[in-house]
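J.: Model the structure of this input:
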Amino acid sequence: MTEGYIKFNCDWEPSEIQISEVIYNQLEAERTKLFALGLIGMYPDGIGFGNISVRTEGSSFLITGSATGQFATLNQSHYSHVCAYNFKENSISCKGLTKASAESLTHAAVYEVLPEVGAVVHVHCLWLWEKLLNHYPITSGEIEYGTPGMAEAVKVLASELKMKEEKIIIMGGHREGILAFGKNLEEATTKVIEIYNRYQND
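T.: Sure, this is the predicted structure:
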């Protein structure tokens with residue numbers, strides 16, 4: 001275990017949340033595209049990977065719940081609403097019938113420093129991750145995922161991105177992990193798929 005690692009704390013209220021049909025349909029439409037490409041899914045050992053989120057208000061957001069990567073489609077019970085978070089304590093507060101992912105703090109980091117961002121996509125793809133290492137902002141390889149250090153590193157990199165730069169961050173200490181974000185979920189997803197196709201044919 002990495003020195004300085006603080007166990008992720010989740011204050012979870014297991015109650016039903018209401019997601020508007022419009023937002024739910026957007027979430028499912030974009031997630032389906034990523035799932036079809038294997039950018040969200042489940043490893044042979046049963047561990048799921050990848051998640052997407054949309055901002056609700058302020059820095060709160062809806063995110064795909066923990067252990068949902070294996071499902072081709074999700075229903076509303078598979079989403080969680082992150083209401084509050086604390087980077088230093090590595091903690092979040094969330095509501096929903098499914099607990100929010102430990103990766104929620106990484107999403108929160110982007111929302112906090114970039115008010116224009118309305119959606120964040122976190123995907124896994126080893127070959128793409130390797131090709132993007134020297135082309136996009138990257139967190140230190142010594143910072144593991146799910147730690148306060150990762151959230152802080154993402155905050156710094158996101159805040160330094162220029163307006164015209166592609167909104168992509170490579171997670172150096174999270175092998176395969178790639179973050180993309182945009183003004184809405186369609187923009188964030190389109191960017192990931194565009195880069196996937198660009199480098200696949202490279």
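
J.: use CA for all of it now, contacts and neighbours both
T.: Will do.

J.: can you give me the strands in this protein?
T.: Here the chain has its strands, by DSSP state E, at 9-13, 41-42, 48-49, 51-55, 61-64, 79-86, 91-95, 119-124, 168-170, 177-182.

J.: What are the contacting residues of the last one?
T.: So that's strand 177-182. 116-126, 129, 167-171, 187-189, 191-192 (CA atoms under 8 Å, 6 or more residues apart in numbering).

J.: Equivalent analysis for the longest one, please.
T.: Under the criterion CA under 8 Å, 6+ apart, residues 17, 59-65, 91-100, 104-105, 108 lie in contact with strand 79-86.

J.: does residue 104 really touch residue 63, like I thought?
T.: Yes - counting by CA atoms under 8 Å, residue 63 is a contact partner of residue 104 at 7.5 Å.

J.: Any of the contacts of strand 79-86 buried? List them.
T.: Neighbour counting with 16 or more other CA atoms under 10 Å marks 59-65, 91-100, 104-105, 108 as buried within these.

J.: dump the residue contacts of residue 172.
T.: Per CA under 8 Å, 6+ apart, neighbours of residue 172: 133, 138-143.

J.: most neighbours, which of the residues you listed?
T.: With neighbours taken as other CA atoms under 10 Å, the top of these is residue 139, carrying 23 neighbours.

J.: Quick check: the gap between the residue nearest in space to the middle of the chain and residue 105.
T.: Centroid check for the chain by CA atoms, centre = their mean gives residue 122 as the closest residue, at 3.5 Å. Computed with CA to CA, to the nearest Å, the distance linking residue 122 and residue 105 is 12 Å.

J.: ditto for residue 175
T.: 18 Å.

J.: Equivalent analysis for residue 70, please.
T.: For residue 70, the distance to residue 105 - CA to CA - is 22 Å.

J.: Now do the contacts for the closest residue to residue 111 other than its chain neighbours.
T.: Distance criterion CA to CA, 6 or more residues apart in numbering; nearest residue to residue 111, sequence neighbours excluded, is residue 59 at 5.6 Å. Residue 59 makes contact with 84, 108, 111-112 under the criterion CA under 8 Å, 6+ apart.

J.: at 10 Å what do you get?
T.: Listed by CA atoms under 10 Å, 6 or more residues apart in numbering, the contact set of residue 59 reads 82-85, 107-115, 118.
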